[in-house]
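A.B. asks: I would like to see how this sequence folds:
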Amino acid sequence: MGTDIAGCVEIRPHGPDTPWILARIDLDRLPRHYDAFGLLFGIRNYAGFEPVAAARGIPEDASEAARALPCLDTGHGHTWVTWAELARIDWERPASKTDDRLHEYRITSQGLVKLGKANVGTGLAWRAVAGEHADPRGSSHPEGTEWRRGDRLWRVERLVQGDVLRTDPELRAVLDAMHELAEQHGDDNVRLVVWFDS
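C.D. replies: All right, here's what the predicted structure looks like:
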């Protein structure tokens, strides 16, 4: 079973010491993106990022509208992050370790085509090359380790934080919307409140 994100963006249009209100930004479009979940909130952090805002809980001053959202009570990993914190992310910073998932590519005459990442080994083809007892966690092998078989290549890689935005236009759209709100209301007066469902 996978993990999905839910939540909302809140603003304080009248500044500190005033109530938060719900901003109408749709988080339902956010896909299941574990690299973003790991970097921002420490959930499914296979890439080994140092999370920006993990396990903070539901804000004590959350808006009534946010508290009334479906699944808030049944979710897990509740946390929040302000635009000020998101604006300080160094998108060029590498993860603190190599990715637990092996990165799989198809070898073509034009170069490598990324097929994806796998966190529980990558199937029989990889096992046939790496050995039946090889550890399927990429982080258990030196960075850059590769296995090849036919037109497939598996590689141990380390992500940088900017990889999250390069592969997730929906997240970029939410962050862009938060940035616009922060320009109106101030960086500390815009926040993302999230929780997860597994």
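
A.B. asks: Give me the distance between L72 and A84.
C.D. replies: According to Cβ to Cβ, to the nearest Å, L72 and A84 sit 24 Å apart. Placement of C-beta: from N, CA and C, glycine included.

A.B. asks: what's the answer for I25, then?
C.D. replies: Counting by Cβ to Cβ, the gap from I25 to A84 is 17 Å.

A.B. asks: who has more neighbours, these two?
C.D. replies: I25 (19 against 14; other Cβ atoms under 10 Å).

A.B. asks: Leaving aside the residues adjacent along the chain, what's closest to that one?
C.D. replies: V9 (4.3 Å; Cβ to Cβ, 6 or more residues apart in numbering).

A.B. asks: Quick one, grab the pLDDT at the one you found.
C.D. replies: The model reports V9 with a pLDDT of 96.

A.B. asks: Can I take it that it is in a strand?
C.D. replies: Yes - the assignment for V9 by DSSP: H, G, I helix; E, B strand; the rest coil puts it in a strand.

A.B. asks: residues touching it, list them.
C.D. replies: V9 is in contact with 22-23, 25, 27, 174, 177-178, 181, 190-193, counting by Cβ atoms under 8 Å, 6 or more residues apart in numbering.

A.B. asks: need those residues in CSV with pLDDT, can you?
C.D. replies: Listed next are the contacts of V9 as CSV, based on pLDDT from 0 to 100:
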residue, pLDDT
L22, 96
A23, 94
I25, 81
L27, 81
V174, 93
A177, 95
M178, 97
L181, 97
V190, 98
R191, 98
L192, 97
V193, 96
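
A.B. asks: can you put those residues in a markdown table and add distance to K114 and secondary structure?
C.D. replies: Formatted as a markdown table, the contacts of V9 follow (distance: Cβ to Cβ, whole Å; DSSP: H, G, I helix; E, B strand; the rest coil):
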| residue | distance to K114 | secondary structure |
| --- | --- | --- |
| L22 | 37 | strand |
| A23 | 35 | strand |
| I25 | 30 | coil |
| L27 | 26 | coil |
| V174 | 24 | helix |
| A177 | 28 | helix |
| M178 | 28 | helix |
| L181 | 34 | helix |
| V190 | 33 | strand |
| R191 | 33 | strand |
| L192 | 28 | strand |
| V193 | 32 | strand |
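
A.B. asks: Make CSV out of the residues you listed and add distance to A130.
C.D. replies: Shown next, in CSV, are the contacts of V9 (distance: Cβ to Cβ, whole Å):
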residue, distance to A130
L22, 49
A23, 48
I25, 44
L27, 38
V174, 38
A177, 43
M178, 42
L181, 48
V190, 46
R191, 44
L192, 39
V193, 42
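
A.B. asks: Pick out the residue closest to the middle of this structure.
C.D. replies: The residue lying closest to the centre of the chain (Cα atoms, centre = their mean) is A36, at 1.2 Å.

A.B. asks: and that residue, helix, strand or coil?
C.D. replies: helix.

A.B. asks: Many thanks, I have nothing further to ask.
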